[in-house]
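Engineer: starting from these lines, generate the structure:
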Amino acid sequence: MADTVLSKAVIGHEGLTKKLGLVIGGSLFIAMAAQVSMGWPVPMSLQTLAILIVGLTFGSQLGLATLVTYLGYGAMGLPVFANGGATASLFGPTAGFLYGFVLMAYLAGLAVEKGVARGVVSTALVGMALSAMIYIPGLAWPALVMGKTVPELWAGWMAPFLLGDAVKAVIAAMVVWGGWKALQARKG
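Structural biologist: Numbering: from 1, shown residues only. I've put the predicted structure just below:
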């Protein structure tokens, strides 16, 4: 494929209308995924799965624009964050994760554009690395704002989510890889 980004290979990125459509559609996809919680003992949303899919399929610039739009919806008071969160979530205990999501989508897109995320395995590894990376702003925020200690952060904010994050990274890689395979089958 000449195009490195799946959405561009499928519909192209020429024109403002297509770009706006992708950004609005992608941000709504993330908002819907944020409302789906599953897992035990700690429920997890599908928000990071959607963010990885958007970044890996839209590329760095449109991925970044999509996440900024998503945060903008929340800033306007729309209940787009996990559990119907809105403006207050941008300042609450999990705000660091929300801001980290912007970088996650951008870097996922950049990895695709630079050829780092090509196959299902490399894409899954990129997804896992980016999922781990969001813990930096995600944990720094409650440490600074709420005074949480490292053991508290590990036990309540990180350890329960690591396996789920790895699984979501693999699923995102399989979705994107499946999209490329479907496109190749359609064209071939």
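Engineer: so which residues make contact with stretch 117-133?
Structural biologist: Contact with stretch 117-133 is made by 48, 52, 55-56, 100, 103-104, 107-108, 111-112, 116, 165-166, 168-170, 172-174, 176-177, as judged by CB atoms under 8 Å, 6 or more residues apart in numbering. To be clear about C-beta, it is placed using only N, CA and C from the backbone, and glycine gets the same treatment.
Engineer: list the contacts of the residue nearest the centre of the chain.
Structural biologist: Central residue of the chain (CA atoms, centre = their mean): Ile51, 1.9 Å from the mean position. When contacts are counted by CB under 8 Å, 6+ apart, Ile51 touches 30, 67, 101, 104-105, 108.
Engineer: ok, Val102 next?
Structural biologist: By CB under 8 Å, 6+ apart, the residues touching Val102 are 64, 67-68, 71.
Engineer: give me the pLDDT value at it.
Structural biologist: Reported pLDDT at Val102 in the predicted model: 98.
Engineer: thinking again about what came up before, can you flag which of the contacts of Ile51 belong to strands?
Structural biologist: Residues of the contacts of Ile51 located in strands (DSSP state E): none.
Engineer: and Lys148, how close does it get to Ile136?
Structural biologist: 14 Å (CB to CB, to the nearest Å).
Engineer: which one of those two has more residues nearby?
Structural biologist: Comparing Lys148 with Ile136 by neighbour count (other CB atoms under 10 Å), the higher total belongs to Lys148, at 17 against 12.
Engineer: three-state assignment of that one?
Structural biologist: Assigned by DSSP: H, G, I helix; E, B strand; the rest coil, the conformation of Lys148 is coil.
Engineer: what distance separates the start and the end of stretch 33-48?
Structural biologist: End-to-end distance for stretch 33-48: 8 Å, by CA to CA, to the nearest Å.
Engineer: this protein: helices as residue ranges?
Structural biologist: Secondary structure of the chain (DSSP state H): helices at 6-11, 16-34, 47-58, 60-75, 95-113, 120-133, 135-146, 150-153, 162-187.
Engineer: and the second one, which residues are buried?
Structural biologist: For helix 16-34, burial by neighbour count (16 or more other CB atoms under 10 Å) applies to 19, 22-23, 26-31, 33-34.
Engineer: CSV for those residues, including pLDDT and distance to Pro43?
Structural biologist: Below are those laid out as CSV (pLDDT from 0 to 100; distance: CB to CB, whole Å):
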residue, pLDDT, distance to Pro43
Lys19, 95, 34
Leu22, 96, 29
Val23, 97, 28
Gly26, 98, 24
Ser27, 98, 23
Leu28, 98, 22
Phe29, 98, 20
Ile30, 98, 18
Ala31, 98, 17
Ala33, 97, 14
Ala34, 97, 12
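Engineer: how about these, which pair is most distant?
Structural biologist: By the measure CB to CB, Lys19 and Ala34 form the most distant pair in the buried residues of helix 16-34, at 22.6 Å.
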